[in-house]
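Chemist: fold the following, please.
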Amino acid sequence: MKIQKANDVTTKNLTIAYIYQTNVIGNENGIRIIERDGTDRFNLRVPDAAFEIKKMKNPIVKITHSDSIEFNYSTKKISLLKDLYVYLEGNHVKYINQSDFMQIDFSKFPLNSSDYNSYVLYIDLLSYQLKFDVMSNVRGRNLILTRVYQSTVHDNSDGIRVIDKDGQVVGKNIQNDGHDLGYLFTPNKINIDTTNRTVSVEQSQHILFTNKSYYVPAQQITYAEGPTDYIRKLFVNKINGELVVGMHNDDKKGNLALICMWYHTGKNAVVIAPFGNEKRIKIDGLNYEDRGDTNNYNWSTNRFVLPKKLYLLKDVAYSISAQNFCYNKFTDNDKLMFELVTPNSQETFEVTGKIHSPIAVNLNTQVVGIYDGNLNNALQKDITLQFADPSVKNKKDPRILLIGNSVTNANIPLLVKYWLSNFGFIPSMIGTVNNSYDGYGYGITPKPATEKGEGRAGWRLTDFTGTTKRTDGSIYLKPNNPFWNPETQAFDFGYYMRSNGFTGVDFIVIMLGINDISGYHGEKQPENIGTPTIEDILTYMPVEFKKMIDSIHEYDPNIKIGLNPPVPAGRNDSLNANVMKYTEMMQYHFDEKISDVFCLGSYLSNGKLSGKTWDNTLTQVDPLNTTKRGQISWDVHDAGNNQMLNALWTASWIINQSA
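Modeler: Numbers count the residues shown, from 1 in each chain. So this is what the prediction gives:
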């Protein structure tokens, strides 16, 4: 057995390993390395893939110098930090000069937990360039430097410095199979707000470990949007005390310690944590004891999402549901109480409050709510109940246009006309498509005749205004948008009216946004339509509605426009939370802010159980009894009975605003 310079070896030999400075390359399992200070490196080694020199078409070769390359997941860039030398049989060879190197941008590759491609970083021996691509795309003769899969850089750990997506350097001799576990010293000072997706350290504290502690300053972070029934993990960075949140399958790296995992919200939250941390974490303002009590509600962050006015008719019984106006997720709870004074009654309720007046009158009143009998922490919102008498209206032949998506397409124009006709009106419904769909069940019989409207299934708000984005940022235009003026390349209501021979319209009702919020789109796959975040939607929603309103009023400033927010879904809590945010933002921008623009309350009476569809086939519970069992759907679409309610509120507004 001999040690010689590689280029001095001339006779037939079996090479066991190559040695360069302090690196021993090859046979990591067979050679124990002792550092100058006596440290045994055997237990610290991170073996690279086996490689064969000059025997493979694309061999994996060893990088000679430490930290020659930086692979940065946070910037999506590959950098050359020094001249690139690699080992070949007999010597080490320089292939690329740092001064000649251009950074490689790999942002077009996902490299996340949903990306199942394998990638390689390699030297192209034809062009002598460093390249990065999907493994199956590599052609010709090359020298492989590393294989990459998702968040793992597999080879040449000494020669490649890896920066994770949080900007932390990944330790070279540390396997990332798990994290340290931290003990929260101070209870109930970290709150996870699942509605606003924030984690707050309300008071600075220390995280304890077996032989040391780390300081965690007061702070607040926001985490990424996603279903509330997915498991998330809360970490603390041991170096700077910053909190980090990731999904359960995220491969988080760096100097992190796990504090807890959680899923669901409020009192229904499940917290999985080491050292009993589940008893020291608050979820939606609820500490462990409160979450254990199934009769609690997150009142501290609640608020009422209500328009300033409700447009109603005398002698008609209406109702509003607390689950539809409470900002936080609502369930029946004996500790909750709401009160509303109407013209002829005082309504106290937990879930549903009745609204009725025997006379036509405008009543300024308020909705008040208390929790657990605490009169010192009541919530209040002013509201006007505006009752009209249909019989005294003079103009009873309104021209009406309803604009929306599949919720509008499901019979809303014909039901609005049906209600108006029953109150002595003779409405004309305009539009270019027949809005009639019976696939959601129930409803009135016999069904009224189909009516025209602009309820277009699968359309987003941005489809009407021509601003829907593909995943690459380009704009997708609906080819059949009747409001799109090809000359001005804009939403043009006058163009719509002239093109279709419509002579005028008195009332327009717009109900859009649910497809933006849910991410659904009729051409999502073939056109690579992007999925906006709720933050994106709340930013563009008022802008896009303003485009439509301005164009409508440019055509005729006397047209009255009613904005209906999306209806809530049956059991989709995360979507309903975003619908609340959307409704609140709509009312903030448009409720009595623009002349002849009104925010309507049609969503307030929608049922989430009997007024929705079913997620599976119902099963009869007993041969002698027609009661059936099944699962309420997550779907947003109303069954025909809910459609009837929705149309009543819209018809009531039209009668209110008629001369």
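
Chemist: show me how the record splits this structure into domains.
Modeler: 6-163, 180-292, 309-387, 400-657 (automatic domain parsing).

Chemist: what are the boundaries of the strands in the stretch 201-350 of the chain?
Modeler: 205-208, 213-216, 219-222, 232-237, 243-247, 256-263, 270-272, 281-283, 309-313, 318-321, 336-342, 345-349 (DSSP state E, counting those that start in this stretch).

Chemist: just send the domains of the chain back as a markdown table, with mean pLDDT too.
Modeler: Below are these laid out as a markdown table (pLDDT from 0 to 100):
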| stretch | mean pLDDT |
| --- | --- |
| domain 6-163 | 79 |
| domain 180-292 | 86 |
| domain 309-387 | 94 |
| domain 400-657 | 94 |
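
Chemist: want to throw the ones you listed into CSV with mean neighbour count and distance to residue 303?
Modeler: C-beta coordinates here come from the backbone N, C-alpha and C atoms, glycine included. Listed next are the domains of the chain as CSV, based on neighbours: other CB atoms under 10 Å; distance: least, CB to CB, whole Å:
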stretch, mean neighbour count, distance to residue 303
domain 6-163, 15, 35
domain 180-292, 17, 10
domain 309-387, 16, 5
domain 400-657, 18, 8
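
Chemist: circling back: figure out which of the strands of the stretch 201-350 of the chain is closest to residue 500.
Modeler: Among these, the nearest to residue 500 by CB to CB is strand 309-313 (28.4 Å).

Chemist: what's in contact with that closest one?
Modeler: With CB atoms under 8 Å, 6 or more residues apart in numbering as the test, strand 309-313 has contacts from 318, 320, 355, 357, 383-390, 423, 592, 598, 600-601, 604, 649, 652-653, 655-657.

Chemist: next step: the residues you listed restricted to strands.
Modeler: The strands, defined by DSSP state E, take in 318, 320, 355, 383, 384, 385, 386, 387, 388, 598 from the contacts of strand 309-313.

Chemist: ok, so of the residues you listed, who is nearest residue 474?
Modeler: residue 598 (35.3 Å).

Chemist: can you pull the contacts of the closest one?
Modeler: Per CB under 8 Å, 6+ apart, neighbours of residue 598: 307, 309, 311, 560, 561, 562, 563, 591, 592, 653, 657.

Chemist: now, among those residues, which is nearest to residue 117?
Modeler: The closest of the contacts of residue 598, once distances to residue 117 are taken by CB to CB, is residue 563, at 44.5 Å.

Chemist: partner residues bridging the closest one?
Modeler: Residue 563 has these beta-bridge partners by DSSP bridges: residue 510, residue 599.

Chemist: does it touch residue 510 like I think?
Modeler: Yes: taking contacts as CB atoms under 8 Å, residue 563 lies within contact range of residue 510: 5.6 Å.

Chemist: now the common contact residues for these two.
Modeler: By CB under 8 Å, 6+ apart, the residues touching both residue 563 and residue 510 are residue 545.

Chemist: what's the longest helix in the chain?
Modeler: Counting residues, the longest helix found in the chain (DSSP state H) is helix 534-555.

Chemist: for it, packing partners?
Modeler: Under the contact definition 3 or more CB pairs under 8 Å, 6 or more residues apart in numbering; DSSP states H and E, helix 534-555 sits against helix 461-465, strand 490-491, helix 493-499, strand 507-511, helix 514-518, strand 560-563, helix 573-590.

Chemist: of the ones you listed, give the one that comes closest to residue 146.
Modeler: Closest approach to residue 146 among those (CB to CB): helix 573-590, 38.2 Å.

Chemist: CA atoms of the closest one as PDB?
Modeler: This file holds the C-alpha atoms of helix 573-590, laid out as PDB (Å, rounded to 0.1, in the frame of the first residue of the first chain):
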ATOM      1  CA  ASP A 573     -64.200  26.800   6.500                       C
ATOM      2  CA  SER A 574     -61.000  28.200   4.900                       C
ATOM      3  CA  LEU A 575     -62.900  29.400   1.900                       C
ATOM      4  CA  ASN A 576     -65.700  30.900   4.000                       C
ATOM      5  CA  ALA A 577     -63.000  32.800   6.000                       C
ATOM      6  CA  ASN A 578     -61.800  34.300   2.800                       C
ATOM      7  CA  VAL A 579     -65.300  35.100   1.700                       C
ATOM      8  CA  MET A 580     -65.700  37.100   4.900                       C
ATOM      9  CA  LYS A 581     -62.500  39.100   4.100                       C
ATOM     10  CA  TYR A 582     -63.700  39.700   0.600                       C
ATOM     11  CA  THR A 583     -67.200  40.900   1.800                       C
ATOM     12  CA  GLU A 584     -65.700  43.200   4.400                       C
ATOM     13  CA  MET A 585     -63.400  44.800   1.800                       C
ATOM     14  CA  MET A 586     -66.200  45.200  -0.700                       C
ATOM     15  CA  GLN A 587     -68.300  47.000   1.900                       C
ATOM     16  CA  TYR A 588     -65.400  49.100   3.000                       C
ATOM     17  CA  HIS A 589     -64.800  50.400  -0.600                       C
ATOM     18  CA  PHE A 590     -68.400  50.600  -1.900                       C
END
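
Chemist: distance-wise, check the nearest residue to residue 279 once chain neighbours are set aside relative to residue 267.
Modeler: Distances taken as CB to CB, 6 or more residues apart in numbering place residue 288 nearest to residue 279, at 4.3 Å, with adjacent residues excluded. The gap separating residue 288 from residue 267 is 11 Å, by CB to CB, to the nearest Å.
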